[in-house]
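Colleague: Predicted model, plus sequence, below.
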Amino acid sequence: KRLEKPLKEGFLANVGRDGVRTPIIIAKIDDVPVVIDGKSRVRAARAENRRRVSLGQIPLIKVRCVMQRDVSQLAIMGAMISSNNARQDDDLADQIEKLKIYLAAGASEADAAISFSVKQSTIRTWLDYDDHAVDELKELVKGGTVKASTAMELAKIKDPDEQRAAASRLIATPGNQQQS
């Protein structure tokens, strides 16, 4: 099913700029090589290579791989499932912290958008949120009480006391808390 989903433009741009840095993992099932971990990276590299060929550009993106040997089909299936389901995305606070470090190291907001696989406007929104959200609101997001998208809207309220009051009203209203 995952292979039927279109790749995100940000991910394609990232692979187009940086290539595929992490090797994929393959194994053989009935003497046929199968990608265990890295299908999206392979798809993105192929898409970028087709684009480059159509423009007469070289070099093409190469994808390094690691061959898993003497692995049972059951272990292969387990690895494929866990590589897709066990990962946990960074929360907003962690993303913003990484963003600030990346920008301080000299990256542009455009570079950051490609690296985070988001639009440049999202990078600006994260930075605005970090600059304007009161600490109490950030803690509600970090604790999972308030959704990040809701907090970003509340952070647009310029008066800190009004922002705190709006957050308090939100969490006091039944049904507005984020579900785990």
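Modeller: It's in.
Colleague: Check the spacing between Gly19 and Leu127 real quick.
Modeller: 28 Å (C-beta to C-beta, to the nearest Å). Yep, even glycine has a C-beta here, placed from its N, CA and C like the rest.
Colleague: do the same with Gly56
Modeller: Distance from Gly56 to Leu127, by C-beta to C-beta: 38 Å.
Colleague: likewise Leu154?
Modeller: With C-beta to C-beta as the criterion, Leu154 and Leu127 are 16 Å apart.
Colleague: So which of Gly56 and Leu127 has more stuff around it?
Modeller: Comparing Gly56 with Leu127 by other C-beta atoms under 10 Å, the one with more neighbours is Leu127, at 16 against 6.
Colleague: wait, doesn't the more buried one sit right on Glu97?
Modeller: No: taking contacts as C-beta atoms under 8 Å, Leu127 lies outside contact range of Glu97: 11.9 Å.
Colleague: mind listing the strands for this protein?
Modeller: Taking DSSP state E to define them, one finds strands in the chain at 24-29, 32-37, 65-68.
Colleague: Reformat the ones you listed as TSV; add distance to Lys5 and mean neighbour count.
Modeller: Shown next, in TSV, are the strands of the chain (distance: least, C-beta to C-beta, whole Å; neighbours: other C-beta atoms under 10 Å):
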stretch	distance to Lys5	mean neighbour count
strand 24-29	18	17
strand 32-37	16	16
strand 65-68	22	14
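Colleague: got the buried residues for the longest helix seen in the chain?
Modeller: Criterion DSSP state H: the longest helix present in the chain is helix 39-54. Using 16 or more other C-beta atoms under 10 Å as the test for burial, helix 39-54 gives 39-45, 47-49.
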